[in-house]
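Asker: Model the following, please.
(4 chains)
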Amino acid sequence: MPPAPSQAAAAIELEGLKRDYGGRPALDGVSLTLGAGETLVVLGPNGAGKSTLLRVLSTLLRPHGGSVRVLGHELPREAWAVRARIGYVGHEPLLYRDLSGRENLVLHARLHRVATERVAELLEAVGMSRRADEPVYTYSRGMVQRTAVARALLHDPELLLLDEPRANLDPTAAELIAPLLEGRARVITSHDPSDADGADGVLGLREGRPHALEGLYA
Amino acid sequence: MIIASNTLPGDSGYVAAAYLVFLAIVLGYVAIMAIRAARLERDVVEIAELVEGREHE
Amino acid sequence: MRSTVDALLRKELRLELRNREAIPAMLLFSVTTFVVFHFGLQRDSVDGALAAGVLWVTMLFAAMLGANRLFVAETEGGALDGLLLAPIDRTAIYVAKALAFGGFLVAVQLVAVPAFYLLLLGPGGGDAVLGLIAVLALADIGIAVAATLVAGLATQTRSRELLVSLLGLPLLLPVIIGAARATAPLFAAGGAESIPAKWLLVLGLYDLVFGLLAFAVFDFLLED
Amino acid sequence: MYGKGLRPLSLITCVALTGAFALAFFYAPMDADQGISQKIFYVHVPMAIVALGGFVAGGLYSIAHLRTGDRGYDLKSYVAIHLSQILAVGTLITGSIWARASWGHWWVWDEPTLVSFLIVFLLYCCYQPLRFSIEDPERQARYASVFAITAGAFVPLNFLAVRLAQSYTHPRVLGTTDGLPAKMALAFYIAVVAMALLYVTLWKYEMASKHARNRLRSIRRGLGEDIGLTRSASPQ
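Answerer: You can find the predicted model right below:
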């Protein structure tokens, strides 16, 4: 079971986050707070900066302006402390295509200093045990995404950052994974506004700036 | 100072050549920078017109 | 740091065993280059400085061939981001990669150097194997250290294949000068003479300077 | 702000340069064996020294850039290396002219400064292509700084290896400055100072121009007339 949120510190506190990408502002003043264990859905058209926001929160990108606090740690100074406690699933699986699913997860288990038994446990949970020993490049998109989710959950993170998780997950896989996500703080980006119901918070994003939900896709 | 000699350029020819190369490099560099300065100046004018255009709106 | 390097190194070796990309390619390239030298120099055997030159030029270019592939596995599927998300000391990524590449160089030379003795080296050169091993070891460290740094610098860019060699060759010249000058007496026609110590010092100094330098700056290539 | 002291500085540089060359030709005595062709020494070697100083300065600015993250240092490093490359071209050409004048052929392999300069030049030729092959300005600056530091550390190592490689074939006295008669030494040092002044002047000149261009670009972006970021090797 995921750990109870240790201290009441909010999962995420953003204040005027700015980030340039390719010389242009990708995020231009985004502020939000997310309580421990809460879920936030980020909606917005393509190129609104959703993925950039997630990559900043996951410590893959350093903020260029504003203040970012994740799980009580200030980024980018304390990024190393945050990395052990967040799970990130992006457009790319973050796996070695020539290694098998199991080998990838064993590598990540070692890097996160997690017992390698957990690998078999998670492979079973996402329904990938059967194909675990074949190279990732032989997997279908759905299987790659499931393996990527398993990689993100390996070290039992308190905060999950999911970039359009539903994008290539078939319904059965979605059900399979849903229970694993419970009880963790989550930031989910999506195109489908219906994902927003049931979430604790919703953020509209357009051209790097917060935007009201109406006319978001105008 | 450069003695025009019809045989292989005497030693002084080489010396002159060396200093001319140095001069050519410096002048070439200054020339390129001058072109850049001109382009810069053209941009400034362009921006100035833009700003005036904006003020009239 | 040690356990991280161990985990990453295990991954490097597994990837190489699985794909068998770097070592066979570098080995075939080396032996083929010896044949090219044979016809290029129109000589059946070489010795002394010429032999050292042929050996080290071949090793250098084989290393560049291998260096081109060093970070390719990381760029596909976002694998590098996967490593950057782990709570590890990121320099371990460089250390593991450099150790793996050093291992590849040794593996290639285990076959390529005997092939060189067989194909090109004159009769006299055979007896100074120990000295040669010392020079090979020092030079391989230098090549692995510098080539891995250059690969890290160039692989994330658009013109990757060009830049690795364009950057690597000049940067590795001191290693080639030192190695060639150290091995020339070993291949002397009249039987191996001793290696002038100063060249081992140059190689050692290069390994040290570039090792420390890479250790200090490599993280900046991964920060984004 | 870079253009501030430019006018007086350029004046001093012109005076220093003409003074140095005048000294070289009329004050310093004719060299015993090389004759007049030794006069090339007063332009070739100062250019080499100042170019190397520029490469090392570029490396130091890059260290400052990586430590502080301030992109201004990257611009300083870029201009320093860019200028040193130009002086390096001059050094190689005047060096080969000197080799031709003194030893009869355009390239001399056993002249350590000339040879190691060629290697350093070949390495720094990759600086612009490396920058040009990275789009994101921030990453371009970071990768360029790592290169500049590596290359900066490489320069002395390269000199050591090349000089050692030459030592047993009677080293030519092209580059060494010790053992010069007093008058020659004086002319030489003034030439070095003059060349350094020239370098600093041109550096400030280009810094002013690049700084203005970047300011203009941000104004243009501020006005929403964004011309779109064209890929370029120079720092944004």
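Asker: all contacts plus neighbour counts: C-alpha atoms, from now on.
Answerer: Will do.
Asker: mean confidence for the longest helix belonging to chain C?
Answerer: The longest helix of chain C (DSSP state H) is helix C:91-119. Across helix C:91-119, the average pLDDT comes to 95.
Asker: Output the contacting helices and strands for the helix or strand of chain A with the lowest mean pLDDT.
Answerer: Within chain A, confidence by mean pLDDT, DSSP states H and E is lowest for helix A:171-181 among all helices and strands, at a mean of 82. Under the contact criterion of 3 or more Cα pairs under 8 Å, 6 or more residues apart in numbering or on different chains; DSSP states H and E, helix A:171-181 touches helix A:141-153.
Asker: name the element A:Val187 belongs to?
Answerer: Per DSSP states H and E: A:Val187 is located in strand A:185-190.
Asker: May I have the strands that pair with the helix or strand following that strand, each with its orientation?
Answerer: Sequence-wise, the next helix or strand downstream of strand A:185-190 (DSSP H and E) is strand A:201-206. Applying DSSP bridges, strand A:201-206 is found paired with strand A:39-43 (parallel), strand A:209-210 (antiparallel).
Asker: Out of those, which is the most enclosed?
Answerer: Using mean count of other Cα atoms under 10 Å in any protein chain shown, the stretch among those with the largest mean neighbour count is strand A:39-43, at a mean of 25.
Asker: Residues contacting that one, please?
Answerer: A:34, A:50, A:185-193, A:195-196, A:199-205 (Cα atoms under 8 Å, 6 or more residues apart in numbering or on different chains).
Asker: Distance from the chain centre to it, please.
Answerer: Between the centre of strand A:39-43 and the centre of its host chain there is 11 Å, according to Cα atoms, centre = their mean, to the nearest Å.
Asker: for stretch D:181-190, same thing?
Answerer: Centre-to-centre, stretch D:181-190 and its host chain are 22 Å apart (Cα atoms, centre = their mean).
Asker: Identify the residues contacting it?
Answerer: D:16, D:20-21, D:23-24, D:27-29, D:42, D:46, D:177.
Asker: ok, back up a step: mark which of the contacts of strand A:39-43 are buried, thanks.
Answerer: Neighbour counting by 16 or more other Cα atoms under 10 Å in any protein chain shown classes A:34, A:50, A:185-191, A:195-196, A:201-205 among the contacts of strand A:39-43 as buried.
Asker: show me what contacts the residue of chain A at minimum distance from chain C?
Answerer: Nearest residue of chain A to chain C (Cα to the nearest Cα) works out as A:Leu94 at 4.3 Å. Counting by Cα under 8 Å, 6+ apart, A:Leu94 makes contact with A:148, C:77-82.
Asker: Run a quick neighbour tally on B:Ile35.
Answerer: For B:Ile35, the count of nearby residues is 11 (other Cα atoms under 10 Å in any protein chain shown).
Asker: one step back: put together JSON lines for the strands paired with strand A:201-206, with mean pLDDT and distance to A:Thr172 on each row.
Answerer: What follows is the strands paired with strand A:201-206, written out as JSON lines (pLDDT from 0 to 100; distance: least, Cα to Cα, whole Å):
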{"stretch": "strand A:39-43", "mean pLDDT": "90", "distance to A:Thr172": "22"}
{"stretch": "strand A:209-210", "mean pLDDT": "88", "distance to A:Thr172": "34"}
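Asker: Mind putting these into a markdown table with distance to D:Asn158?
Answerer: What follows is the strands paired with strand A:201-206, written out as a markdown table (distance: least, Cα to Cα, whole Å):
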| stretch | distance to D:Asn158 |
| --- | --- |
| strand A:39-43 | 54 |
| strand A:209-210 | 51 |
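Asker: Looking at those, which is nearest to D:Leu197?
Answerer: Smallest distance to D:Leu197 across these (Cα to Cα): 48.8 Å, for strand A:209-210.
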